[in-house]
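J.: Next come a sequence and a model predicted from it.
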Amino acid sequence: MASNLEQMSFLKRPPFPGRMVKPRLKSRVIPSMTELQVKNYLIQNPKVFEQFVLESVPESKLEDLLKVKRERPRKPAIGEHPIALQSLYLRNSVIEIAEVLTNSYDDEEQQRRMEETAHVLGRAVDANDMAFYVPTHNETMLSLYQHGELVPCGPVGKNLTVAAYAVSERKTILVKDLEMDSRFPKGISPKPMRDCSVLCVPVVLPSADTVGVIEFTRDHLKPPFCEGDIQLIHAVVSWMAACIHENGLKRILDTQHELNEFLLEITKDLFKEITCVDRVANTILHFTKDLLHADRCSMYLVEEEQSKLYVAYEDTGTVDANGKDVYDKKRVHDLHAVDIIAWEAIENGKTVNIYDAYEDERFDQESDTKLGYHTKQILCMPIRNREQVYGVIKIINCLHHDRFTHADEEYFSLFSDYCALALHYSKIYSLLYQQQNIYKVAVDVLQYHIVCNEDEVMSLQETPYIEDEAIPENFFSPEFYAYYHVERLPQLFIYIATDLFGDDTFEMEKLCRFILTVRKNYRSVTYHNWEHGFHVAHALWLMIKANDDIFTKFEKMALVIGGICHDLDHRGYNNDFFRKFDLPLAALYSTSVMEQHHYKQTITILHTDGQDIFSFLNGPQYKEMLELLREHIISTDLALYFQNQKEASKRLEEGTFDMNDHASRSCCKALMMTAADLCAVSKPWITQEETVDRLYNEFYMQGDEEKKRGITPIPMMDRENSKDQPKQQVGFINFICIPLYQTLSQILDGVHHYLVGCEENMEMWKLLAEQRA
């Protein structure tokens, strides 16, 4: 007897620290044992229990216990509960049962079948209780299935219930003693029972989707669940999962069969026009309207060059001479502002089905008023594959029903896969053509550009810091003129970088190599050269110093580096020149041709070994830095200036300009880049004249080249009109520069000096214009 009792301490591990169970069996032999440990031991060693009763329990006590047991209400077993549909398994024909199961397409019906099977399994493993849960909200929440209804039970995850953990891990969980297992503080919600053994089995399909969780419990009067129970349940649940999976495939195949004729027909049309994205888009829109019997259909496609830019194909509601629908193509810069419903479908990657547009707060009712149209239903679906979103299709007003149904969504989803495939291959064709142009540009660049000389790097690295007495007197003023200090410019740029960001932000060797390579990558043109790039970075530095608390460290870096790099590899020709003659750069970039090229050159340098000055940034920070650089360099395209100036002026007049607002802040930085790019117009007259001479030398070079190619240049670029330079400068300063500096001086300190310089130089140009008149 004693030897058997001594074994009892090895049956189970002691409770976890801090969660000690108060002993209810006051044993002098082993005071640390719990009541549950004693019960488990006696269940496994019945002879010990019999010997103890015969030797130690009086007859009167036994009679009392028997009386209590007889009077105690009996808890019904699982198999005794009446369950709807349970009669299915009582049918004599297995084939008949199998046919019913394989035709259970509906989710609710499948859940009833799973619950019924779970009750049968509960009886087979002699469980005291059973619960069936269904994961919802993309498997983030759990609901208890009761009488055909789903009752929310809480989230999925660890440190919650056993079922919640089983769903998150997608594996079977065996808990021999729930009370002693600290992983499940909420036990088997919603039941408060803890003195039990639990076996929880998720129903996971081959697609990795969890469609249900079966939870079995045994109280402390029965042995805990064992591997034999797991084997039995797995044998049935695995077949259950396979059957549900095959049902899903069968449902998809049935739907697919209905679409085959339609899809085979449109596939030929889609791929016939695959080399042109516009034609592919029009074909998609045409067949979408036919497939879903819609009144209107539009599409937004994501542009490759700028993820924030979309190409819209909007249904005009009219037809052409051939009876085909007419779609209006335009570019959309802010889809969220134009069409929030389509934007949400792209951002979330999910279908948006609106049964009543006027009851949905996202719908812009004013758009109907403007178009004289009445929108009733809307169905939006993203066109995507697993890796990329190509755009979104938006269909309006179902002609054959009072709403777009779930069946319409399924048809639309299958069709969108074909659309994604067609757009994907169309982009591949475009990419191949683009790569040819990239290759031509790359060869052109490589023929001219090489990395900086290592001897120059070593020389600059030996003395990177300029002596105080060597700093030009006007270096801290907008009047500084780089052409007088060409040899010292690399050291002066290092001075700017260390002044703003300290000595330990950039690795000095990388910074030296970077700035020398940047200098090398500026061509020997008369105006858009290395000295001009330095002027822009210098002007931005002065503006930042005058407004030090406004900008973040990242913004300051992007502004200064963007300024020094903003005209890399400039050839002396403007954007129109490349577009006129369909040169490779124009084919490569559809907008802001040279600015996009300057940015790509900047990235090329930053990705070169030994010149990655931003290597101290982590992945997300580096991505953010490159995006800021892109925005700042692209903003130097003078064609974008007018909208920025107009927007800033409007906000200032209305009192809504706020540097804490993202749009206002972006507008301010764009104007800073333009102001720095044009800073030469405000410098002292003697340098202003020299700068204009340099600028017109480039203009006339382009004009001469255009004449060679049979095109008449604009007057400003025709050297035969050189006498009109003063008049042209007056117009340029008055129309562009003065409004620019007037607007920016209302936002930032330190800009008024540029405005004054502009006005003084304009007066000088007016005098010259009068003299030449």
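T.: Happy to help now that I have it.
J.: what's Arg513 in contact with, if anything?
T.: 452, 457, 610-611 (Cβ atoms under 8 Å, 6 or more residues apart in numbering). Where you see a C-beta, it was placed from the backbone N, CA and C, and this is true even at glycine.
J.: In TSV: those residues, plus secondary structure and pLDDT.
T.: Putting the contacts of Arg513 into TSV (DSSP: H, G, I helix; E, B strand; the rest coil; pLDDT from 0 to 100) gives the following:
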residue	secondary structure	pLDDT
Cys452	coil	86
Val457	helix	93
Gly610	coil	89
Gln611	coil	91
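J.: Out of those residues, which comes closest to Ser413?
T.: Ser413 has its nearest neighbour among the contacts of Arg513 in Gln611, at 47.4 Å by Cβ to Cβ.
J.: Count the neighbours of the closest residue to the closest one other than its chain neighbours for me.
T.: Excluding its sequence neighbours, the residue lying closest to Gln611 (Cβ to Cβ, 6 or more residues apart in numbering) is Phe514, at 4.5 Å. Using other Cβ atoms under 10 Å, Phe514 has 28 neighbouring residues.
J.: quick one on the thing from earlier: which single one of the contacts of Arg513 is nearest to Gly703?
T.: Closest approach between these and Gly703, by Cβ to Cβ: Cys452, at 33.2 Å.
J.: ok, the closest one touching Glu509?
T.: No. Using Cβ atoms under 8 Å, Cys452 is not in contact with Glu509; the gap is 12.0 Å.
J.: if we can go back for a sec, where does the residue nearest to Gln611 sit relative to Asp290, distance-wise?
T.: Look at Phe514 and Asp290: by Cβ to Cβ, to the nearest Å, they are 57 Å apart.
J.: again, but for Leu767
T.: 70 Å.
J.: same deal with Thr674?
T.: Going from Thr674 to Asp290 by Cβ to Cβ gives 49 Å.
J.: neighbour-wise, which of the two wins?
T.: Thr674 (24 against 12).
J.: Which strand or helix spans the more buried one?
T.: Here Thr674 sits within helix 662-677, counting by DSSP states H and E.
J.: now that helix: how far from the chain's centre is it?
T.: In terms of Cα atoms, centre = their mean, to the nearest Å, the centre of helix 662-677 is set 26 Å apart from its chain centre.
J.: now do stretch 747-764
T.: 43 Å.
J.: Pull out the buried residues from that stretch.
T.: 747-748, 750-751, 753-755, 757-759, 761-762 (16 or more other Cβ atoms under 10 Å).
J.: Check stretch 702-709 too.
T.: Buried residues in stretch 702-709, counted by 16+ other Cβ under 10 Å: 702-703, 705-706.
J.: And for stretch 373-387?
T.: Under 16+ other Cβ under 10 Å, the buried positions of stretch 373-387 are 375, 377-384.
J.: Quickly check those residues for the two that are furthest apart.
T.: Checking the buried residues of stretch 373-387 with Cβ to Cβ, the most distant pair is Thr375 and Arg384, at 24.6 Å.
J.: that older thread, show me what the helix holding Thr674 is packed against.
T.: helix 530-546, helix 553-565, helix 619-634, helix 638-654, helix 738-745 (3 or more Cβ pairs under 8 Å, 6 or more residues apart in numbering; DSSP states H and E).
J.: Mind checking these for the one nearest to Ala131?
T.: Comparing those by Cβ to Cβ, helix 619-634 comes nearest, at 42.9 Å.
J.: State the mean pLDDT of that closest one.
T.: For helix 619-634, the mean pLDDT works out to 96.
J.: Next: stretch 164-176.
T.: Throughout stretch 164-176, pLDDT has a mean value of 93.
J.: And for stretch 686-700?
T.: Per-residue scores along stretch 686-700 average to 96.
J.: Repeat that for stretch 287-295.
T.: 81.
J.: Which residues does it contact?
T.: So stretch 287-295 is contacted by 262, 266, 269, 296-297, 325, 379, 393, 395-401, 404, 408, 411-412, 415 (Cβ under 8 Å, 6+ apart).
J.: Out of those residues, which end up buried?
T.: Using 16+ other Cβ under 10 Å, the buried ones in these are 266, 296-297, 325, 379, 393, 395-398, 404, 408, 411-412, 415.
J.: related to what we said a few turns ago, is it possible to get JSON lines of the buried residues of stretch 373-387 that adds distance to Phe132, pLDDT and secondary structure?
T.: Formatted as JSON lines, the buried residues of stretch 373-387 follow (distance: Cβ to Cβ, whole Å; pLDDT from 0 to 100; DSSP: H, G, I helix; E, B strand; the rest coil):
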{"residue": "Thr375", "distance to Phe132": "43", "pLDDT": "91", "secondary structure": "coil"}
{"residue": "Gln377", "distance to Phe132": "36", "pLDDT": "91", "secondary structure": "coil"}
{"residue": "Ile378", "distance to Phe132": "37", "pLDDT": "91", "secondary structure": "strand"}
{"residue": "Leu379", "distance to Phe132": "34", "pLDDT": "92", "secondary structure": "strand"}
{"residue": "Cys380", "distance to Phe132": "35", "pLDDT": "91", "secondary structure": "strand"}
{"residue": "Met381", "distance to Phe132": "33", "pLDDT": "88", "secondary structure": "strand"}
{"residue": "Pro382", "distance to Phe132": "34", "pLDDT": "87", "secondary structure": "strand"}
{"residue": "Ile383", "distance to Phe132": "38", "pLDDT": "84", "secondary structure": "strand"}
{"residue": "Arg384", "distance to Phe132": "34", "pLDDT": "80", "secondary structure": "strand"}
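J.: so who does Val175 touch?
T.: 162, 181, 184, 197-200.
J.: Please report how far the spatially closest residue to His220 that is not a sequence neighbour lies from Asp177.
T.: Nearest residue to His220, sequence neighbours excluded (Cβ to Cβ, 6+ apart): Asp195, at 4.9 Å. Separation of Asp195 from Asp177 (Cβ to Cβ): 8 Å.
J.: So for those two, which residue has more residues nearby?
T.: Asp177 (20 against 15).
J.: wait, isn't the more buried one in contact with Ser197?
T.: Yes. Counting by Cβ under 8 Å, Asp177 does reach Ser197; the two are 6.6 Å apart.
J.: what residues do these two have in common as contacts?
T.: Joint contacts of Asp177 and Ser197 (Cβ under 8 Å, 6+ apart) are Pro224.
J.: Okay, and the beta partners of Leu301?
T.: Val311, Gly391 (DSSP bridges).
J.: can you pull the contacts of it?
T.: Listed by Cβ under 8 Å, 6+ apart, the contact set of Leu301 reads 277, 281, 310-311, 313, 390-391, 423.
J.: how many other residues sit next to Ile733?
T.: For Ile733, the count of nearby residues is 23 (other Cβ under 10 Å).
J.: which SS state does the residue nearest to it when sequence neighbours are not counted fall under?
T.: Leaving aside its chain neighbours, Ile733 sits nearest to Met762 (4.5 Å; criterion: Cβ to Cβ, 6+ apart). Recorded secondary structure, Met762: helix (DSSP: H, G, I helix; E, B strand; the rest coil).
J.: Same check on Ala131?
T.: Applying three-state DSSP: Ala131 is strand.
J.: so it makes contact with Glu215?
T.: Yes. At 4.5 Å, Ala131 counts as touching Glu215 under the criterion of Cβ under 8 Å.
J.: list the buried ones in stretch 600-617?
T.: Neighbour counts over stretch 600-617 (16+ other Cβ under 10 Å) mark 600-602, 604-606, 610-614, 617 as buried.
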